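Participant: Just need the structure, nothing else, for what follows:
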Amino acid sequence: MTTSQPSGLQILIVGAGFAGLSAAIECARTGHKVTLFDKVSSIDEITRYGDIVSFDPNGSRAFQKWVFPDTSSVAERMEEISRQTDWLDLFHYQGEFVTRQSFVEETKWGRRINGHRGGLHRLVYEFVKTRREEVEVRWGVRVVKYFEESDGAENEGPQVGVVIKGPDGKMEKVMGDAVLAAEGVRSRGRKLVLGLEEDEQPKSSGYAVYRAWFPSEPVIAKNPITKHLVEKGDQHEGYIGPDIHFLVSSIKGGSEINWVFTHIDDGNIEESWQFPGRPEEALAYLEGWCPVVRELVKATPPGRLIDYKLVYREPLPKFVSPKGRIALIGDAAHPFLPTSIQGASQSIEDGTVVAACFKRVEMSKEQVVPTALKAYEKLRYEIVHKAQAMGLKTRERWHKADWDGPEGVWKVPEKLWLLREEWLLGFDAEGDTYKRWPAIVKELQRKDDSHRPRGKL
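Facilitator: Reported below is the predicted structural model:
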């Protein structure tokens, strides 16, 4: 992977999730220095747990560009530990097979990568470690405040940065040229970007997700009801019922099993939004469901089940701060429902586009950051909100399925298929940035000119 000449810009990134790591890699690739902060003490705290995460072709493009010293790409290493299926078998919740959806044709757009969140996350971080000269990662650091202040100096941009609390409890003010807030749906950066006295809390979507991941031996592999999921290698099945969808994958040659299902949740989001679950509680939602589903839940070992509340935010009016030097990326800007299958991919695209915008600006150092981040917002705003809507459409398609009507699922099984559209899956975020760049810059310049004070005649 080639790297541009050093730019002299110092980029601060808050959050070492997929959005933060991809932004760090792409900014390093563009010639910038990066400091990345995360509140956990090490990458192990992020990668130890988790269920399956999916990257569609639009998200996996970047992985092909990230090449290790041994010339293997991140994409190639990810595929080695990912689910080896190109289909999804869909069943009625009582067990009757409905339809198989094939994803073979999507290879014309790129790779589909589906694997353990922790394993894939660690691979991205391992690649970050190859960029030590450009990227400094500071673990165990909590960002308590973002700031964007005028220093009063003529022709100078505002002071921008973060206030951090280190592992020793000491406070430190860290300055940079730009800050990317990538620490998720509860990002402290939202308060400054949106100009709020106090940021509103994320709201409950009314749904929650049980998710589990564990070895298939011995229980799953030896149970005659579930052994078909592992005895022929990787499998991928979905069971669709009233206001619930249940997905199960076997992975790594059938040696590991992952299941997840969405259910109604009326709990208080302020109490907790992720906590250990118990199989007997999950089973209560699955009365009348087929034996495969119920046996999977019963087989889940202690400590391997998580109950995760799905939260949402209203679409934000903007992603960039008033002075144009702090930007929200990833879930901090646009949280996705799991049924969109796009949250992780959109986070990767955010990092790619931010860095591409920095690269394209041909102005003084003081103008580079606000121009680049405002362009990032213009380039990303419409497509991420359009992609967010896909999650709701899929959930409604499954949870409210009409099975027996004249045009119902039994007569038209394809109605259960995931929505797979070229405008999204075939999208090249970096190429789109370069293609639209001249028009975006002209539009930004027109807006700047329209707000510039005019002298008296």
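
Participant: Show me the shaky parts of the stretch 301-450 of the chain.
Facilitator: Counting by pLDDT under 70, the ranges of the stretch 301-450 of the chain that qualify are 363-365, 448-450.

Participant: For it, just list every one of the helices.
Facilitator: With helices called from DSSP state H, counting those that start in this stretch, the stretch 301-450 of the chain shows them at 343-360, 365-399, 422-425, 429-451.

Participant: For the third one, report the contacting residues that lie outside it.
Facilitator: Put plainly, it is helix 422-425. Residues from elsewhere that reach helix 422-425 (C-beta atoms under 8 Å, 6 or more residues apart in numbering): Asp56, Pro57, Asn58, Glu106, Trp109, Gly110, Gln342, Ile383, Lys386, Ala387, Met390. Where C-beta positions appear, they are placed from N, C-alpha and C, glycine not excepted.

Participant: The closest residue to Ala181 other than its chain neighbours: how many residues sit nearby?
Facilitator: In this structure, Ala181 finds its nearest non-sequential neighbour in Gly189, 2.9 Å apart by C-beta to C-beta, 6 or more residues apart in numbering. Using other C-beta atoms under 10 Å, Gly189 has 27 neighbouring residues.

Participant: Next: the one 3 residues further on.
Facilitator: By the measure other C-beta under 10 Å, the count of residues near Leu192 is 22.

Participant: host element of the residue lying closest to it once chain neighbours are set aside?
Facilitator: With C-beta to C-beta, 6+ apart as the criterion, Leu192 has its nearest non-adjacent residue at 4.8 Å, and that residue is Tyr146. If you go by DSSP states H and E, Tyr146 is part of strand 142-149.

Participant: quick one on the thing from earlier: switch the helices of the stretch 301-450 of the chain over to TSV; also include distance to Lys309 and mean neighbour count.
Facilitator: Listed next are the helices of the stretch 301-450 of the chain as TSV, based on distance: least, C-beta to C-beta, whole Å; neighbours: other C-beta atoms under 10 Å:
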stretch	distance to Lys309	mean neighbour count
helix 343-360	15	26
helix 365-399	15	19
helix 422-425	26	16
helix 429-451	30	14
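
Participant: would you turn these into JSON lines with distance to Ser255?
Facilitator: Below are those laid out as JSON lines (distance: least, C-beta to C-beta, whole Å):
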{"stretch": "helix 343-360", "distance to Ser255": "23"}
{"stretch": "helix 365-399", "distance to Ser255": "28"}
{"stretch": "helix 422-425", "distance to Ser255": "29"}
{"stretch": "helix 429-451", "distance to Ser255": "34"}
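
Participant: can you list the domains in the protein?
Facilitator: Split into domains by automatic domain parsing, the chain comes to 10-83+111-201+314-451, 203-312.

Participant: Gln94 is nearest to which of those?
Facilitator: When the domains of the chain are compared for distance to Gln94 using C-beta to C-beta, the nearest one is domain 203-312, at 5.3 Å.

Participant: end-to-end on the closest one?
Facilitator: Criterion C-alpha to C-alpha, to the nearest Å; first-to-last residue distance in domain 203-312 is 6 Å.

Participant: Tell me the buried residues in stretch 41-52?
Facilitator: Judged by neighbour count (16 or more other C-beta atoms under 10 Å), stretch 41-52 contains these buried residues: Ile43, Ile46, Thr47, Gly50, Asp51, Ile52.

Participant: I'd say the fifth one and Tyr210 touch.
Facilitator: No. With contacts defined as C-beta atoms under 8 Å, Asp51 does not count as touching Tyr210, sitting 9.7 Å away.

Participant: State which strand of the protein is the longest.
Facilitator: strand 203-215 (DSSP state E).

Participant: next structured bit after that one?
Facilitator: Downstream of strand 203-215, the first helix or strand assigned by DSSP H and E is helix 219-222.

Participant: ok, residues contacting that following helix?
Facilitator: Contacts of helix 219-222 (C-beta under 8 Å, 6+ apart): Thr226, Lys227, Leu229, Val230, Glu231, Gly254, Ile257, Leu296, Ala299.

Participant: just how off-centre is the helix or strand where Ala28 lies within its chain?
Facilitator: Under the criterion of DSSP H and E, Ala28 resides in helix 18-29. Its chain's C-alpha centre and that of helix 18-29 lie 13 Å apart, by C-alpha atoms, centre = their mean, to the nearest Å.

Participant: State the mean pLDDT of it.
Facilitator: For helix 18-29, mean pLDDT is 96.

Participant: Let me see the mean pLDDT of the helix or strand following that helix.
Facilitator: Heading C-terminal from helix 18-29, the first helix or strand you meet, by DSSP H and E, is strand 33-38. Regarding strand 33-38, the rounded mean pLDDT is 97.

Participant: what's the angle from strand 33-38 to helix 18-29?
Facilitator: Orientation of strand 33-38 against helix 18-29 (axes from the mean of the first three to the mean of the last three C-alpha atoms, to 10 degrees) gives an angle of 160 degrees.

Participant: Can you pull out the residues in contact with strand 33-38?
Facilitator: Contacts for strand 33-38 (C-beta under 8 Å, 6+ apart): 6, 9-16, 20-21, 23-24, 27-28, 46, 128, 134-141, 143, 162, 164, 174, 176, 183.

Participant: Please consider this matter closed, and thank you.
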